[in-house]
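Enquirer: kindly return the folded structure for what I paste below:
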Amino acid sequence: MNEELLKRMLNMKISLVRKVVEQLPESIQKPVKDLETQMMRALYDISKENVEKASAGENSKQASGLKVIDVE
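Expert: Sure, this is the predicted structure:
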């Protein structure tokens, strides 16, 4: 799937959830918004770890690539 399209879809879903939360009574909004903040932080941390692992994997693949053969 196109990365830009995926980002837009996720952003739209998050916006939709926020609009629904705004319609809730004030006493319910605060805990839901706090939960949203916790979830976004968790997603950020998980994404960061996955990107770092993927980058490390790419570097090791590049390092262990094709062997250099000397031709005389």
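
Enquirer: when you work out contacts or count neighbours from here on, use the C-alpha atoms and nothing else.
Expert: Noted.

Enquirer: pLDDT score assigned to the residue most central in space within the chain?
Expert: Nearest to the geometric centre of the chain sits S47, at 4.1 Å (C-alpha atoms, centre = their mean). S47 is assigned a pLDDT of 92 by the prediction.

Enquirer: mind checking the SS state of it?
Expert: Look at S47: counting by DSSP: H, G, I helix; E, B strand; the rest coil, its state is helix.

Enquirer: and it, how far from R41?
Expert: Distance from S47 to R41, counting by C-alpha to C-alpha, to the nearest Å: 10 Å.

Enquirer: about what we covered before: contacting residues for the residue nearest to the centre of the chain?
Expert: By C-alpha atoms under 8 Å, 6 or more residues apart in numbering, the contact set of S47 is empty.

Enquirer: from here on, call the first residue 9.
Expert: From this message on, residue numbering opens at 9, which makes the last subject S55.

Enquirer: please report how far it lies from V28.
Expert: On the measure of C-alpha to C-alpha, S55 and V28 end up 26 Å apart.

Enquirer: likewise E44?
Expert: Here E44 is placed at a distance of 13 Å from V28 (C-alpha to C-alpha).

Enquirer: next, L32: secondary structure please.
Expert: coil.

Enquirer: what is the neighbour count of it?
Expert: Residues near L32, counting by other C-alpha atoms under 10 Å, number 12.

Enquirer: what separation do you get for it and R26?
Expert: The gap separating L32 from R26 is 10 Å, by C-alpha to C-alpha.
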